[in-house]
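> Test case, fold it:
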Amino acid sequence: MGYVGISGPSAARPQDLADAAHVARWAAAHGHVVVCGGLDGVMAAAARGAADAGGTSVGLLPGDTRDGAADGLTVAIPTGLGEIRNALLVRACDVLVCVGGSWGTLSELALAVRTGVPVVALRTWVPRGDGARAPGRLLEVGSAGEVCDALAEHLGRARP
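Next comes the predicted model:
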């Protein structure tokens, strides 16, 4: 079992929502836990996708309460940390999937690359330089299917 972080904007495009749900369904169907920011958009799509497959999803909420938590989350954890909770999400996952882009998504991607958590990027920020494209650290893909292929490879090497 691995922990798959799914990151993306609250105000997401329809394709990003569909792809986040697809990836979360795949992860849950393969026995992995889906971790997200717990709110709307890509995060809600990820929670829904995991629920559709009968899996577990954990939402790390920015506020002090569970208000606004995405439907479909198995566990909603109010952190009271605002956007600083992005670091918790990154450290909790074995692989981070970024779908679409927002400033929060960029911060999670940067923290993951910086701390050595593998990132699979689909239609999102892709930094150039400073070793960001080092093998095994950041992989840019073109479809949800390619995300799932990359997850299968990375999760075979997931940390305990």
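> from what I can see E140 touches V126, true?
Yes. With contact defined as C-beta atoms under 8 Å, E140 counts as touching V126 (5.1 Å). Backbone N, C-alpha and C define where each C-beta goes, glycine included.
> ok but G59 is inside a strand, no?
Yes. Judged by DSSP: H, G, I helix; E, B strand; the rest coil, G59 forms part of a strand.
> so where's the longest helix in the chain?
helix 14-29 (DSSP state H).
> what does the host helix or strand of L96 rub up against?
Using DSSP states H and E, L96 falls within strand 95-99. Outside of strand 95-99, the residues within contact range by C-beta atoms under 8 Å, 6 or more residues apart in numbering are 2-8, 12, 16, 19-20, 23, 42, 89-90, 105, 108-109, 112, 117-125, 147, 150-151, 154-155, 158.
> Inside strands: which ones of these?
3-7, 119-122 (DSSP state E).
> Poorly predicted segments of this structure, please.
Scanning the chain for pLDDT under 70 picks out 129-136, 157-160.
> do that again at 80, thanks
127-136, 157-160 (pLDDT under 80).
> Tell me where it has helices.
Secondary structure of the chain (DSSP H): helices located at 14-29, 42-52, 85-92, 103-115, 144-155.
> highest average neighbour count across those?
Most buried of the helices of the chain by mean neighbour count (mean count of other C-beta atoms under 10 Å) is helix 42-52; its value is a mean of 27.
> name the helices or strands packed onto that one?
Under the contact criterion of 3 or more C-beta pairs under 8 Å, 6 or more residues apart in numbering; DSSP states H and E, helix 42-52 touches strand 3-7, helix 14-29, strand 33-36, strand 57-61.
> quick one, which of these is nearest to L81?
For those, the distance to L81 is smallest for strand 57-61, at 8.4 Å, taking C-beta to C-beta.
> which other residues reach the closest one?
Contacts of strand 57-61 (C-beta under 8 Å, 6+ apart): 24, 28, 33-39, 43, 46-47, 50-51, 68-70, 72-79, 85, 88-89, 92.
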